[in-house]
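Q: here is a sequence with its predicted model. Questions after.
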Amino acid sequence: LPDWLNSDLVPCSDNVLQLDVTQCFPFADESFDYIFSEHLIEHIAYEQGLHKLTQCHRLLKPGGKLRISTPNLEFLTNLFRRDRSKLENDYIRWAMQTFFPKVDIFDPTFVLNNFVRNWGHIFVYTPRILVHSLQTAGFAKIRPWPLNQSGDTHLQNLENEQRLPRGFLELESFT
């Protein structure tokens, strides 16, 4: 993202800092006004995620804000309902065609397994568990926002919706 300090475990360019979020962050306390994390916390164990959140809390200046976007486990379980929405059915159809083109049955079981096993997800959060984790890490004012929306202009339009077909990232994620 332009004007942000970007980091990754395996940097893709010289403009990206190498950072392992399971370790202590190499920055002084209260160094940042904002931290944004998109689809990362689900790739590490729960305890490591709690460590990451604690480190984020340590790095934020007073009044600083953290924005986390992550898959929602409730999205996956909702795919098993009989009264799925058109968007949910479209998501299942897309996932089946993309990842299981030779399978001749339309079933969310394949989507769930692919979502967890093939995408490297270790611990997929529900909103309730993420809020609990944030509180445990020291955060107090926790508010959900729709994808790419926020009451703070610095935290708007950050999520990369173009990486999936229209509407799918919003369907599978929460912030």
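A: Here it is on my side, so go on. Note that the structure is predicted; figures quoted are calculated from it, not measured. Numbering: from 1, shown residues only.
Q: now the strands for this structure?
A: In the chain, the strands defined using DSSP state E lie at 6-8, 16-18, 32-38, 60-71, 173-174.
Q: right, so of these, which gets closest to Glu161?
A: For those, the distance to Glu161 is smallest for strand 173-174, at 9.4 Å, taking CB to CB. Where you see a C-beta, it was placed from the backbone N, CA and C, and this is true even at glycine.
Q: quick one: strands adjacent to the closest one?
A: Sheet pairing of strand 173-174 (DSSP bridges) gives strand 60-71 (antiparallel).
Q: what is the orientation angle of the partner strand with strand 32-38?
A: Put simply, strand 60-71 runs at 10 degrees to strand 32-38, going by axes from the mean of the first three to the mean of the last three CA atoms, to 10 degrees.
Q: identify the residues contacting His132.
A: Shown in contact with His132 (CB atoms under 8 Å, 6 or more residues apart in numbering): no residues.
Q: separation between it and Ser13?
A: To Ser13, His132 is 36 Å away according to CB to CB, to the nearest Å.
Q: would you mind measuring from the most centrally placed residue in the chain to Ile41?
A: By CA atoms, centre = their mean, the chain has its centre lying nearest to Thr70, at 1.8 Å. To Ile41, Thr70 is 5 Å away according to CB to CB.
Q: check Ser150 too.
A: Distance, Ser150 to Ile41, using CB to CB: 18 Å.
Q: count of residues packed around Lys65?
A: Lys65 sits with 19 neighbouring residues when counted by other CB atoms under 10 Å.
Q: you'd agree it is up against Thr153?
A: No. Taking contacts as CB atoms under 8 Å, Lys65 lies outside contact range of Thr153: 11.4 Å.
Q: helices of this structure, residue ranges please.
A: Along the chain, counting by DSSP state H, helices occupy 46-59, 73-78, 86-99, 108-113, 127-136, 168-172.
Q: want to throw these into JSON lines with mean pLDDT and distance to Asp20?
A: Shown next, in JSON lines, are the helices of the chain (pLDDT from 0 to 100; distance: least, CB to CB, whole Å):
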{"stretch": "helix 46-59", "mean pLDDT": "97", "distance to Asp20": "10"}
{"stretch": "helix 73-78", "mean pLDDT": "95", "distance to Asp20": "25"}
{"stretch": "helix 86-99", "mean pLDDT": "95", "distance to Asp20": "29"}
{"stretch": "helix 108-113", "mean pLDDT": "95", "distance to Asp20": "28"}
{"stretch": "helix 127-136", "mean pLDDT": "97", "distance to Asp20": "19"}
{"stretch": "helix 168-172", "mean pLDDT": "90", "distance to Asp20": "25"}
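Q: quick one: these as TSV, columns for distance to Arg143 too.
A: Listed next are the helices of the chain as TSV, based on distance: least, CB to CB, whole Å:
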stretch	distance to Arg143
helix 46-59	16
helix 73-78	18
helix 86-99	24
helix 108-113	29
helix 127-136	10
helix 168-172	17
